[in-house]
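> Show me the folded form of this:
(one chain, ligands or ions: 1)
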Amino acid sequence: MTERTKFLLDESKMPGAWYNINADMPVAPAPVLHPGTLEPVTPDFLAVLFPMSLILQEISTERYIEIPEPVRDVYKLWRPTPFVRARRLELALDTPAHIYFKYEGASPVGSHKPNTAVPQAFFNKQEGTKALTTETGAGQWGSALAMACNFFGMDLEVYMVKESFYQKPYRRIMIESYGATIYPSPSTNTQYGRSLLAGNPDAPGSLGIAISEAVEAAATSGGAKKYSLGSVLNHVLLHQTVIGQEALLQFEMADEYPDVIIGCAGGGSNFAGFTFPFIHKNLTEDKATRVIAAEPAASPSLTKGVYTFDYGDTAQMAPIVKMHTLGHTFIPPGIHAGGLRYHGMSPQVSALVDGGYVEARAVKQLDTFRAALTFLRAEGIIPAPESTHAIKVAIDEALAARESGEKRVIAFNLSGHGHFDMVAYEDYLHGRLEDYEYPAEAVEEALQHLPSVG
Ligand SMILES: Cc1ncc(COP(=O)(O)O)c(C=O)c1O
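As a prediction, the model looks like this:
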């Protein structure tokens, strides 16, 4: 066993293909339904929003899909990302466990999001799309797609949840610096936004609403604009699998293999990107790594939601998918992990949780920041509030190993840094951060509005 701390791969070791878990999925995928007719969607319907190459990736059952050279060229700006043995955290926790993390905060915008933003911009450009529309919560996804569109010479229109637009101006400025146009959502740009503002001019917005606006802007553009989503969909998760494939090679360098792997889950993309290549080994080789999705107790789709068909957005314009959901009208409490405030979950991750291949754990906001401080004071990196959910579960696993005196190999995905989230840390340090109880009543109400699919 090596004494090294960082396991760095050469650029030549960057994966040449994305891993598609549809090839190994132990449960058959449920159909995607049209939001109006509730019948299975046709490629024609999806083609209004997405280029055909991404639609084909969405339904592909090929195990590996080649990464085009221009995408690899951009990936090389920051990939392969570091894989770190958190030796100082192990010491701080006085645990016999070995703790590793994959650091996706090393990308130019500070998260895993460019892993899919870059190919989405590339495939759109290749098929002649002139402009994209998208939503963003706290701004990680918006800045990733803004960077990617800039690289491929495309326009981008971003609908940013209004509350974040005004409270977190630096991500907005970053998005503008890359050349994109950004609007607070709800906005006056779309019919849906105008209808919400008529009812409440101060509406704070939500991710579900911003998705509706971005979808409407693309769907009514007469083909001029297409829509891009930063999580949830199969092709997005597919692109993220560069993370786990690199981590497998880095584990080889460390001469270890994980007993347990962890990722935070909002829509499921960084979790899937990190864990699916390991799940592949569980499913096809004699590996038995435990896989844990960490989610917020305030927005617990996997641990408290229903596994059923629901709309992906609030205005019922996006396709209906089978997923763990809290109801598309549910607006999660204002936790600082904006990227985890979504009512649903990726259908692939949902199916794996339902089948017992993935465990899910809900954690409370104050506990995640407590864990973040333990981590950052040992390892130096200030994590994104989303990533702190994975850190909390990793620390719990390391403490359980100390309790049982066992050497457990633990790895988590550090999906982003928190340099734009210092207000959240300030609130925590000054005792202003609160825990939200599970909003049972609001969820119960939202679950009344599920589509009635036969
Ligand atoms: C740093 C970071 N981690 C995690 C997430 C959650 O998204 P996903 O579940 O798709 O990885 C986000 C979303 O904005 C994010 O910015």
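> Give me the packing partners of the host helix or strand of Gln245, helices and strands only.
Gln245 is part of helix 242-254 when elements are defined by DSSP states H and E. Here helix 242-254 touches strand 6-7, strand 17-19, strand 83-85, strand 98-103, helix 269-284, strand 409-414, going by 3 or more Cβ pairs under 8 Å, 6 or more residues apart in numbering; DSSP states H and E. The C-beta positions use only the backbone N, C-alpha and C, and glycine is treated the same way.
> and if we set it to 6 Å?
strand 6-7, helix 269-284 (3 or more Cβ pairs under 6 Å, 6 or more residues apart in numbering; DSSP states H and E).
> Quick check: buried residues in it?
242-251, 254 (16 or more other Cβ atoms under 10 Å).
> Spell out whether stretch 139-158 and the ligand are in contact.
Yes: using Cβ under 6 Å from any ligand atom, we find that stretch 139-158 touches the ligand at 140-141.
> ok, now stretch 317-336?
No: using Cβ under 6 Å from any ligand atom, we find that stretch 317-336 stays clear of the ligand, coming within 11.5 Å at best.
> before we move on, what about stretch 368-379?
No: against the ligand, stretch 368-379 shows no contacts by Cβ under 6 Å from any ligand atom, the least distance being 12.0 Å.
> Run through who's touching that stretch.
86, 88-89, 92, 382-383, 388-389, 391-392, 395, 428 (Cβ atoms under 6 Å, 6 or more residues apart in numbering).
> which one is the residue most central in space within the chain nearest to, not counting chain neighbours?
Nearest residue to the geometric centre of the chain (Cα atoms, centre = their mean): Ser269, 3.8 Å. Computed as Cβ to Cβ, 6 or more residues apart in numbering, the closest residue to Ser269 that is not its neighbour in sequence is Ser231, at 4.2 Å.
> circling back to that earlier point, can you pick the most crowded of the contacts of stretch 368-379?
Sorting the contacts of stretch 368-379 by how many neighbours each has (other Cβ atoms under 10 Å) puts His389 first, at 36 neighbours.
> Over to it: give its phi and psi.
Per-residue torsions, His389: phi -70, psi -40 (degrees, to the nearest 10).
> 14 is where my numbering starts, stick with that
Shifting the count to begin at 14 puts that one at His402.
> any idea how far it lies from Lys143?
Distance of His402 to Lys143, computed by Cβ to Cβ, to the nearest Å: 37 Å.
> Check the gap between the residue lying closest to Glu117 once chain neighbours are set aside and the ligand for me.
The shortest distance from Glu117 to any non-neighbouring residue, by Cβ to Cβ, 6+ apart, is to His125 (3.9 Å). According to Cβ to the nearest ligand atom, to the nearest Å, His125 stands 6 Å off from the ligand.
> Apart from its neighbours in sequence, what residue is nearest the residue in the stretch 64-213 of the chain positioned nearest to the ligand?
Closest contact between the stretch 64-213 of the chain and the ligand, by Cβ to the nearest ligand atom, is at Gln153 (3.2 Å). Among residues not flanking Gln153 along the chain, Ser124 sits closest, at 4.6 Å (Cβ to Cβ, 6+ apart).
> Perfect, that will be all.
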